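1. coords below, sequence missing:
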């Protein structure tokens, strides 16, 4: 007798598929029945097929791990099959589809959703050629993905597109506070973000679009901290530049969870700031990082040292903006790490 059906509690928990209960014998007969407390059919109905650009990057790797752990089908849209196969070996990621550009259309066809994270890294030394690639890489991939989505028949077109952008959209300021309603800035990164978002906005109107303006992502083995810590250690743990610039950050776990929620929750649409609720001044961030690393925090890293490493790209950390995630909070998103001290402690220890 089938008594009940239920889905898994969460992405890390499952319920036993059956429970056999035997009734005591009576003078008439002995009855035996099975109670079902999980439904393969329901679980399959909740499974997604997600195509991901930028899957081999810092955020993309963790997102693919999360989706795969939840038994969703993942299509890695890449320009280098060999690189993707090194990062997602078959023995660890059975069932993952790795598709090079000529295969992207077939991978996107029938996908539940698409996540667009591709783009040339900005935390590098900027030259005129690098600046050109930073912008064009984002617009080129986004435009290609949009064209592929829009060319598909309704029946096999993805229902949601989660497309990355950045808090650089707002420009920089030591005094202003930015939220999703704030206007764009007028510097180079603001221009990049406007055009990047503009390409994504051309997606078919029947596709739910979530634009995630991502802050500085903090996590192990990559991202901003990997660039900052060597300088931090050399210069006795002091702030980069004046230390007065704002640092709008987010833990890697939280940005992955936010993207995941945007895929599954129909309320997530339009612009959503991917930053923690409590941005800090750079000096405060460095003080907390120094405490975690057991280093002093007194000698600032001078502007010229950072510019020698990053060139014009030093503006990413020498200038900042105070960005608040009002939309995510209104939607009820739960941040695992709301405070920089807790985030750094989890990463560095």
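-> Received the coordinates, thanks. The structure displayed is predicted, hence computed values, not measured ones.
2. pLDDT weak spots in the protein?
-> Judged against pLDDT under 70, the low-scoring parts of the chain cover residues 1-45, 231-240, 296-301, 306, 308-313, 316.
3. how near is the closest residue to residue 119 other than its chain neighbours to residue 322?
-> Here the nearest residue to residue 119 in space, its sequence neighbours aside, is residue 138; by CB to CB, 6 or more residues apart in numbering that works out to 4.2 Å. Quick note: C-beta positions are derived from backbone N, CA and C, even for glycine. According to CB to CB, to the nearest Å, residue 138 and residue 322 sit 24 Å apart.
4. Comparing those two, which residue is more hemmed in?
-> Set side by side, residue 138 and residue 322 show more neighbours around residue 138, with 28 against 22, by other CB atoms under 10 Å.
5. Tell me if the more buried one really is in a strand.
-> No: counting by DSSP: H, G, I helix; E, B strand; the rest coil, residue 138 falls outside a strand, being helix.
6. ok, now which ones touch it?
-> Contacts of residue 138 were listed using CB atoms under 8 Å, 6 or more residues apart in numbering, and they are 118, 119, 120, 192, 195, 196, 199.
7. Surely the second one and residue 136 touch.
-> Just to be clear, that refers to residue 119. No: the criterion here is CB atoms under 8 Å, and residue 119 misses it with residue 136 at 9.7 Å.
8. With neighbour numbers in mind, choose between these two.
-> residue 119 (24 against 14).
9. Helices along the stretch 101-250 of the chain, start to end?
-> All helices of the stretch 101-250 of the chain, identified by DSSP state H, counting those that start in this stretch, fall at 104-108, 128-150, 188-200, 223-234.
10. Tell me which of those helices sits nearest to residue 50.
-> Distance to residue 50, taken as CB to CB, is lowest for helix 104-108 among the helices of the stretch 101-250 of the chain, at 10.1 Å.
11. Give me the residues contacting the closest one.
-> For helix 104-108, the surrounding residues in contact (CB under 8 Å, 6+ apart) are 51, 75, 77, 97, 99, 114, 144-145, 148-149, 151-152, 158.
12. how does it look with 10 Å?
-> 49, 51-53, 74-79, 97-100, 114, 141, 144-145, 147-149, 151-152, 156-158, 161 (CB atoms under 10 Å, 6 or more residues apart in numbering).
13. burial of the spatially closest residue to residue 210 that is not a sequence neighbour, as a residue count?
-> Nearest residue to residue 210 in three dimensions, chain neighbours excluded: residue 262, at 4.1 Å (CB to CB, 6+ apart). Using other CB under 10 Å, residue 262 has 28 neighbouring residues.
14. ok, back up a step: how much space between the residue nearest to residue 119 and residue 109?
-> On the measure of CB to CB, residue 138 and residue 109 end up 23 Å apart.
15. try residue 163
-> In terms of CB to CB, residue 163 sits 19 Å off from residue 109.
16. who has more neighbours, those two?
-> Neighbour count, other CB under 10 Å: between residue 163 and residue 109, residue 163 has more, with 25 against 19.
17. Would you confirm that that one contacts residue 52?
-> No: assessed by CB atoms under 10 Å, residue 163 is found out of contact with residue 52, at 11.5 Å.
18. Could you name every residue contacting both of these two?
-> With CB under 10 Å, 6+ apart, residue 163 and residue 52 have common neighbours 114, 115, 116, 117, 118.
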